[in-house]
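J.: got a predicted structure here, sequence first:
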Amino acid sequence: MEASGKSPYLENANRLADVIAAIQAMSTYKFYKLPFEGWADRIVGDGTKGDYWKNVFEEHPEFFRLDGPRERASLVWRRQYPKRFHVDQERLLSPEAYGVLTDTEKKRVSRAALTPADIKTLIDTAINLHSRAIDRQRESRWWMPLLSSAVGGLIGAVLGVWFKK
């Protein structure tokens, strides 16, 4: 949630769909971390939308993280896996096998993809956060029916007195 107290799920009409799409792409792509333009290309097929996706990632730290220089993004859950998945061999390397790789070979090593159950958990979490934001917004408007009734009553009273004269 932003400092203003407004949820990014409510301020952006398609935000829930964007978060779900990003979770799906970032949880299964062979490399766990890419520049924003790379994720934009993977998620919506348009690398020019990198700034838009950077904003999505920044507004949802519950799912996404930026690297130190703030040039690349990754999925938080996936960052918890060891960086030993060889993308070309499609297998997890032992610590010993990883240790003997050259620097060039290590560039082809990433973190393992999430399982379908992990992905479902993240998507369910996004849906629940969106639902709670909607509920909070509804709760914050509890006074509106009371105010409109009071204003309507006041206007009716004023008009009654006015026309009675």
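T.: Arrived safely, thanks for sending.
J.: alpha carbons only for contacts and neighbour counts from here, please
T.: Fine.
J.: counting neighbours, what do you get for residue 89?
T.: Residue crowding around residue 89 was assessed by other C-alpha atoms under 10 Å; the count is 10.
J.: which phi and psi values does it adopt?
T.: Phi and psi for residue 89, reported as degrees, to the nearest 10, are phi -90, psi -10.
J.: any idea how far it lies from residue 108?
T.: Note on residue 89: its distance to residue 108, by C-alpha to C-alpha, to the nearest Å, is 9 Å.
J.: averaged pLDDT, the helix or strand harbouring residue 55. What do you get?
T.: Element membership for residue 55 (DSSP states H and E) is helix 50-59. Summarised as a single mean, pLDDT over helix 50-59 is 97.
J.: chain center to that helix: distance?
T.: 9 Å (C-alpha atoms, centre = their mean, to the nearest Å).
J.: immediately after it, which helix or strand?
T.: As assigned by DSSP H and E, the chain's next helix or strand after helix 50-59 is strand 64-66.
J.: just checking: what are the partner strands of that following strand?
T.: strand 72-75 (antiparallel) (DSSP bridges).
J.: how about the helices in the protein?
T.: 8-11, 15-28, 36-44, 50-59, 76-79, 95-99, 103-106, 116-139, 143-164 (DSSP state H).
J.: what would the ones you listed look like in CSV with mean neighbour count and distance to residue 85?
T.: Shown next, in CSV, are these (neighbours: other C-alpha atoms under 10 Å; distance: least, C-alpha to C-alpha, whole Å):
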stretch, mean neighbour count, distance to residue 85
helix 8-11, 16, 33
helix 15-28, 19, 12
helix 36-44, 20, 20
helix 50-59, 17, 24
helix 76-79, 18, 12
helix 95-99, 11, 9
helix 103-106, 11, 10
helix 116-139, 15, 17
helix 143-164, 11, 55
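J.: mean pLDDT lowest where, among these?
T.: Mean pLDDT is lowest for helix 143-164 out of the helices of the chain, coming in at a mean of 68.
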